[in-house]
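here is a sequence with its predicted model. Questions after.
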Amino acid sequence: MGRRERLAQTQSGAEGMVSLPALLHRNATQFGDAPAYREKEFGIWQCWSWAETAAEVRKLALGFLEIGVEKGDHIAVIGRNRPAHYWSMVAAQMVGAVPVPLYQDSVAEEMAYVLEHCGAKYVVCGDQEQVDKVIEIQQGLHQVKHILYTDKRGMRKYDHSQMNALDDIMAEGSAGHARFDAELDKRIAAITYDDTCVMLYTSGTTGKPKGVVLSNRNVIESAKNSAEFDHLTRNEDILSYLPMAWVGDFIFSIGQAYWCGFCVNCPESADTMMTDLREIGPTYFFAPPRVFETQLTNVMIRMEDAGKLKQRMFRHFMDHAKKVGGLLLDGKPVGFGDKVKYALGNMLVYGPLKDTLGYGRFRVGYTAGEAIGPEIFDFYRSLGINLKQLYGQTEATVFITVQPDGEVRADTVGVPAPDVELKIDDKGEIHYRSPGVFVEYYNNPDSTASTKDAEGWVATGDAGFIEEGSGHLRIIDRAKDVGKMADGSMFAPKYVENKLKFYPDILEVVLFGNGKDRCVAFINIDLTAVGNWAERNNVAYGSYQELTSHPRVLETIKSHVEEVNKSVAADEMLSGCQVHRFVVLHKELDADDGEMTRTRKVRRGFVEEKFHDIIDALYDGSSSVSTTTEVTYEDGRKGSISATLEIVDAPVVAATSHKVAAE
Amino acid sequence: MLDSSEGYVTEDGRKIGGVVMEMKNITLRFGGVVAIKDISFDIREGEIRAIIGPNGAGKSSMLNVISGFYVPQEGEVWFHGSKRPQMRPFEVAQQGIARTFQNIALFEGMSVLDNVMTGRLGFMKTNIFQQAWWKGKAEAEETENREAVEKIIDFLEIQHIRKTPVSRLPYGLKKRVELARALAAEPKLLLLDEPMAGMNVEEKEDMSRFILDVNDEFGTTIALIEHDMGVVMDLSDRVVVMDYGRKIGDGTPDEVRNNQEVIDAYLGVSHD
């Protein structure tokens, strides 16, 4: 059967499907034997078919009824990507409750806010660690009626009067199914297209998280449109490893998976993700740029250890791939000789390399969340990996713009996704309207009103413009981060930060300069890349902190900054954003310390306040600064580290030449 | 003391059973050096029993006596109500005693999985010919044992290094692999020789968690040697304190902490 036919079949069956439980039922009846979930446990991939999944989810829903879940209750789900957790969310919808997935690495106080805000009466926890957090929160909250957990380890001694293993309520529910069947069927039948499907908390680079309410319409329409855009079928395999609380994971691992009927694979643990990726070989893949960066860094490090012949082969064919690989992928004309050479390269280098990375079956994949370095992007594309970019938000149920096949570039985020309307206001902020536009922020009408207008247009908070000719959207920066320098020229920190972050040595950059006469920067080094460099060059270091202050490291970073300054100077609009002085920070910016969001975006305002002493030193001309910084350890305890940071002056390029030439 | 039916209940409500092992007036000499001098204590079912003391106190020697590696010149070792005859190490293992070592003793070139599998040797009944043929009995046996090993790998959270050669692992993980191998033997009594030595705070916390979990999940009786006082006091139900081969204290962590002789041994005595 051809791909197109299978797709058509899926679509015809899906009409009138108003909820995930309905889609689940369709999948279980139409292709009940096809794999729906896989999870590696005890070293073996366990598999559940759609029919088995439907049975498991129903048992769970019966269990929820048995512990007294009411319509409209919120059920929080906190844990890593596991089938049982995905099932809990669908089972919650079956009984008319609202699933609320939370970030499992949140510390208790962050979690307390969200749990209180949504008023969750039931919490599904992955393991003892999460249960402990919920119990700690419960002491101040007294709202949670029942805690459920997946992993039984260490749970035997707990007071179980308001607590159960998920397995137990499933067993109890199915034992008492005669009592609950009618009620469950009634509740499933009552679900409408505009009922809430899920509530997701946005991490928010400023302020408290907001609960984004998404309806069945939002989720199903978005899943349908995007699946059709990329011709996804029920034969896809995806690896679910991104946080379940993130809208992307919800759409890929639930929305699209249920719409198309493809298989969701869950890794054994967070640490085994790379091995599991290789074993599964997903056909459809989603990752933030960081994952691709790490993999590329690892490939390069391992190539340096390879034999001479292999190194030469790798270089030779990678050069060729850079020349024609991208063109071939885009279906552009390429000479016959080049094609033959590419095919040979595929046999000798690209193919094995893709297999090692786990991309042997990669058909289509996306990167989003942050800008990806053009070199990294081109590296994957030149290997024949169809990696694309998209631009989206929780409020849009992910999709705002996507790159169509054949029009993939590193510097744009693509054209509006199907059924999405786009407009740019006079301040340069991007607005959109689509079937995926969220219903509201839960219990927060003010924020809802200020984000979404009466006609359904949503302000993204990002500044950008639509490129003439191609119609592609280009993002400049967060609208509120774009500012003006003292001389009135534009300050767009993200632009410069991304250029710096494209160097493998540099993990994170924060640029300051709004309202000032020049820009300064904080830089975090990448421990893997710099550590490896140190090993190769016999540079001894005892700790991260020591490595960050090593003179040779500072010198390397300085040379990167200098190069970036040159390229920034070439841009007339942004030449004022060159980095005059910088420090390499003594600690990595971390979500546990509040410096980043859980999706690893820098919280600019917070960083500025926390490290104000360093910023002052950067501007007042001193050559070093001593500082003490509070840090949070993994177990939640606080401590502090002190360091003396050397401030480095970077050469800047006088930017006047361009203006003169333009005049 | 000899009544093996008698038990006690710990502070956190665990029931500790009767005596599993009893050391009676043990004295161990190496030539003229007396490593252990007339020591008696018992280990009860389901408890975490610690042996602590400053360097050179005779802790490791004591553990080697328990594990049957050293034979004391004087005294008796009673195990499950009968006096233990002189035994070879594999016979001790067959009795349900497993141990880890102070300096890690793993097969460096083998993968983590293979190392842990060696812990199952006692459960392998097929002979060399059956194993060479592999199909049939040996295969079924391997599957069965692999399942048990995978449960332990999952329990100790070392899935990500399953196929990694031990030589490439950092120290803290090697210690965990050693614990995994000891657990693979499904011991009734687990002996840990300085499980936290050389670890940083985070690794120590992880290891403590695992020791408590092993005791809780499998009901394994654990005897451990450690010189990090803080860790031991949090972890164990009863503590034996040794100094220069003598027993200077025995009791709950609180009792031991307030024992003058123990304080002197650890903090030194002022002579004024």
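Thanks, I have the structure now.

make it CA atoms for all contacts and neighbour counts henceforth
OK.

helix, strand, or coil at the residue nearest the centre of chain B?
Centrality entry for chain B: nearest residue to the mean C-alpha point is residue B:191, 1.1 Å, by CA atoms, centre = their mean. Here residue B:191 is recorded as strand under DSSP: H, G, I helix; E, B strand; the rest coil.

how about the helices in chain B?
According to DSSP state H, chain B carries its helices in the segments B:59-66, B:89-94, B:112-118, B:128-133, B:137-155, B:171-184, B:201-218, B:229-235, B:253-257, B:260-267.

where does the chain have low pLDDT?
No chain specified, so I'll use chain A. For chain A, the stretches with pLDDT under 70 are A:1-15, A:204-206, A:634-636, A:655-663.

let's do chain B instead
In chain B, residues with pLDDT under 70: B:1-6, B:267-272.

residues from it in reach of chain A?
Applying CA under 8 Å from any CA of the partner chain, one finds that chain B approaches chain A through B:147, B:150-151, B:153-154, B:159-160, B:213, B:216-217.

now, the most widely separated pair of those?
Spatially, the most separated pair among the residues of chain B next to chain A is B:160 and B:216, at 24.3 Å (CA to CA).

quick check: the gap between the spatially closest residue to residue A:508 that is not a sequence neighbour and chain B.
Nearest non-adjacent residue to residue A:508, counting by CA to CA, 6 or more residues apart in numbering or on different chains: residue A:524, 5.0 Å away. Distance, residue A:524 to chain B, by CA to the nearest CA, to the nearest Å: 23 Å.

for residue A:524, which three-state class applies?
Quick answer, by three-state DSSP: residue A:524 is strand.

run the chain-centre distance for stretch A:514-527.
Centroid separation for stretch A:514-527 versus its chain: 24 Å, with CA atoms, centre = their mean, to the nearest Å.

what sits up against it?
A:483-487, A:491, A:504-513, A:544, A:548, A:576-589, A:615, A:618-619 (CA atoms under 8 Å, 6 or more residues apart in numbering or on different chains).

please spell out the ChimeraX selection for the buried subset of the residues you listed.
Buried residues within the contacts of stretch A:514-527, by 16 or more other CA atoms under 10 Å in any protein chain shown, are selected in ChimeraX with:
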select /A:483,484,485,491,504,505,506,507,508,509,510,511,512,513,544,548,576,577,578,579,580,581,582,583,584,585,586,587,588,589,615,618,619
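
what about the contacts of stretch A:514-527, which are in helices?
A:544, A:548, A:615, A:618-619.

relative to residue B:67, how far out is residue B:90?
If you measure residue B:90 against residue B:67 using CA to CA, to the nearest Å, the figure is 10 Å.

and the two? Which one has more around it.
Neighbour count, other CA atoms under 10 Å in any protein chain shown: between residue B:90 and residue B:67, residue B:67 has more, with 21 against 12.

what about the contacts of stretch A:514-527, which are in strands?
Of the contacts of stretch A:514-527, the ones assigned to strands by DSSP state E are A:483-484, A:491, A:506-512, A:579-584.

let me see the backbone angles for the residue of the stretch 451-600 of chain A found nearest chain B.
In the stretch 451-600 of chain A, the residue that lies nearest chain B is residue A:543 (13.4 Å; CA to the nearest CA). Geometry field for residue A:543 lists phi and psi as phi -160, psi 170, criterion degrees, to the nearest 10.

any idea how far residue A:493 is from it?
Per CA to CA, residue A:543 is found 30 Å from residue A:493.

those two: which is more packed in?
residue A:493 (25 against 8).

in chain A, where's the longest helix?
helix A:308-329.

list the buried residues of that one.
Buried, per 16+ other CA under 10 Å, within helix A:308-329: A:314, A:317-318, A:320-322, A:324-329.

and the next element down the chain from that helix?
helix A:336-345 (DSSP states H and E).

quick one: distance of that next one to the chain centre.
Worked out by CA atoms, centre = their mean, helix A:336-345 lies 36 Å from the chain centre.

which elements pack onto that helix?
helix A:308-329 (3 or more CA pairs under 8 Å, 6 or more residues apart in numbering or on different chains; DSSP states H and E).

quick revisit: tell me what the residue nearest to the centre of chain B is bridged to.
residue B:99, residue B:223 (DSSP bridges).

need the contact list for it.
B:63, B:67, B:97-100, B:222-224.
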